[in-house]
Each structure stands twice: as structure tokens, then as C-alpha cells.
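Participant: let's see this in three dimensions:
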Amino acid sequence: MQHELIFAGFGGQGIMFSGQLLAYAAMDCGYHVTWIPSYGPEMRGGTAYCTVVIADHAIGSPVVKHPSIGVIFNAPSFDKFVPMLQPNGLLVYNQSLIPQRTSRQDLRIVPVPATERAPTPQLTNMVMLGALLTAKPILSLDALKAALETHMPSHRRNLLEANVEALSIGAQLAEQLLERL
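Facilitator: Below is the predicted model:
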């Protein structure tokens with residue numbers, strides 16, 4: 001088993017934290033993991049993306065040219081990264097900020113109104129992670145919650161409960177969407 005993911009959006013949307021948290025959770029579950037961040041020159045407000053590879057065997061290369069899963073947070077990233085996704089891949093995108101649609105028929109698509117439904121806009125990333133792991137249960141939500149408890153920086157510990165709530169909201173949204181598909 002090997003999953004190659006890309007998380008993409010604007011700097012400041014929690015893109016890096018989303019990918020890193022998933023990587024930590026997978027590592028804590030005993031998987032082989034890589035996480036590579038990439039920032040645009042502007043950092044906050046500029047393009048930001050990261051790739052995550054999770055495998056049950058040694059990873060030959062951390063480079064991801066054609067991810068099997070895209071978690072896309074904004075319209076410019078949608079335009080840039082959706083064409084790179086592997087055929088028969090999964091696209092989870094933030095429908096709140098992405099008005100366009102893709103003509104690709106070879107993807108499983110989960111449009112999530114993440115920003116609208118997040119307890120605060122800063123928790124959109126956790127809504128997206130909850131939706132991702134419901135649409136594609138690479139890891140359990142419990143594993144992600146445990147990683148939050150273990151790896152959340154001490155200066156953010158006051159947000160632990162809100163992050164867990166946002167994960168649950170994302171999972172519920174994905175369940176509802178998948179029932180209709």
C-alpha cells in the first residue's frame with residue numbers, strides 16, 4: 001500500500017499543518033512516511049503546498065509528480081494541481097472557496113463546504129482532513145486525534161477540542177456527500 005497526497009492552498013490556511021499532522025499520525029501508526037513542504041515567496045497569502053507519502057514499505061522517493069489524492073483549498077491550487085492527479089484518484093476540495101469544477105471524469109470528487117461549516121475559518125484545514133479520512137480511510141480519525149494530542153504545539157493546546165470538533169464536522173460532511181454520490 002502506498003498513498004501519495006498533495007495538500008494545496010494559500011499560505012496561512014493550515015496547509016502545512018494538515019499534511020504534517022497526517023504524516024505524524026501515519027508515522028505513529030507504524031507506516032513509512034515522507035512530508036515535503038513548499039512555500040511561495042510570499043508565505044502568508046502566497047501559494048503553499050506539501051506532499052505526503054504514506055506506505056507500508058520503504059519509500060523509494062519522496063518526490064510526488066502525480067499524486068493519487070488531492071486536498072485542495074483554493075481556486076488557483078485547483079487549477080494548478082487537479083490536472084496532475086492520477087486517473088482514478090481522489091479529489092477533496094474546499095467548495096466554499098472554489099467555484100470552478102473539473103471536467104475530469106476519472107476522479108472520485110468530494111466537494112466539501114469546509115470554510116462555511118468550520119467552527120472558525122482557521123479550522124477549515126481540520127474539516128478538510130476529517131472529510132479526506134472519511135472519503136479515503138487511510139488512517140482512522142482516532143489516529144489523527146491521537147496525533148493532535150501528541151504533536152500539537154504547546155502554545156496551541158487550547159485549540160485541541162476545537163480541532164477535534166472540526167475533524168468530526170468534516171467526517172459528517174463527507175459521509176453526507178458520499179451517500180448522495
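Participant: C-alpha only now, for contacts and for neighbours.
Facilitator: Fine.
Participant: quick one: contacts of stretch 134-149?
Facilitator: By Cα atoms under 8 Å, 6 or more residues apart in numbering, the list of residues contacting stretch 134-149 from outside reads 21-22, 24-26, 28-29, 110, 130, 133, 160, 164, 167, 171, 174-175, 178.
Participant: tell me the buried residues in that stretch?
Facilitator: Residues of stretch 134-149 classed as buried by neighbour count (16 or more other Cα atoms under 10 Å): Thr134, Ala135, Ile138, Ser140, Leu141, Ala143, Leu144, Lys145, Ala146, Ala147, Leu148.
Participant: burial count for Gln20?
Facilitator: Applying other Cα atoms under 10 Å, we find 20 residues neighbouring Gln20.
Participant: the helices in the protein, which residues?
Facilitator: Secondary structure of the chain by DSSP state H: the helices cover 15-28, 75-81, 114-117, 124-135, 141-151, 160-180.
Participant: who does the shortest one touch, helix- and strand-wise?
Facilitator: In this case it means helix 114-117. Where contact means 3 or more Cα pairs under 8 Å, 6 or more residues apart in numbering; DSSP states H and E, helix 114-117 is packed against helix 124-135.
Participant: surely Val52 and Leu5 touch.
Facilitator: Yes: contact criterion Cα atoms under 8 Å: Val52 and Leu5 qualify, at 5.1 Å.
Participant: ok, back up a step: deepest-packed of the helices of the chain, please.
Facilitator: helix 124-135 (a mean of 27; mean count of other Cα atoms under 10 Å).
Participant: what is the mean pLDDT for that one?
Facilitator: For helix 124-135, mean pLDDT is 97.
Participant: off-centre distance for it?
Facilitator: 6 Å (Cα atoms, centre = their mean, to the nearest Å).
Participant: next one: stretch 31-41
Facilitator: Worked out by Cα atoms, centre = their mean, stretch 31-41 lies 12 Å from the chain centre.
Participant: tell me which residues are up against it.
Facilitator: Contacts for stretch 31-41 (Cα under 8 Å, 6+ apart): 11, 16, 19-20, 23, 26-27, 46-59, 62.
Participant: quick check: which of the helices of the chain is nearest to Leu90?
Facilitator: helix 124-135 (8.4 Å; Cα to Cα).
Participant: okay, and for the chain, where does confidence drop off?
Facilitator: Scanning the chain with the threshold set as pLDDT under 70 gives 40-46, 181.
Participant: same thing but 90
Facilitator: For the chain, applying pLDDT under 90 flags the ranges 10-14, 38-47, 60-63, 100, 151-159, 177-181.
Participant: sorry, back to before: and the contacts of stretch 31-41, which are buried?
Facilitator: Judged by 16+ other Cα under 10 Å, buried ones among those: 11, 16, 19-20, 23, 26-27, 47-55.
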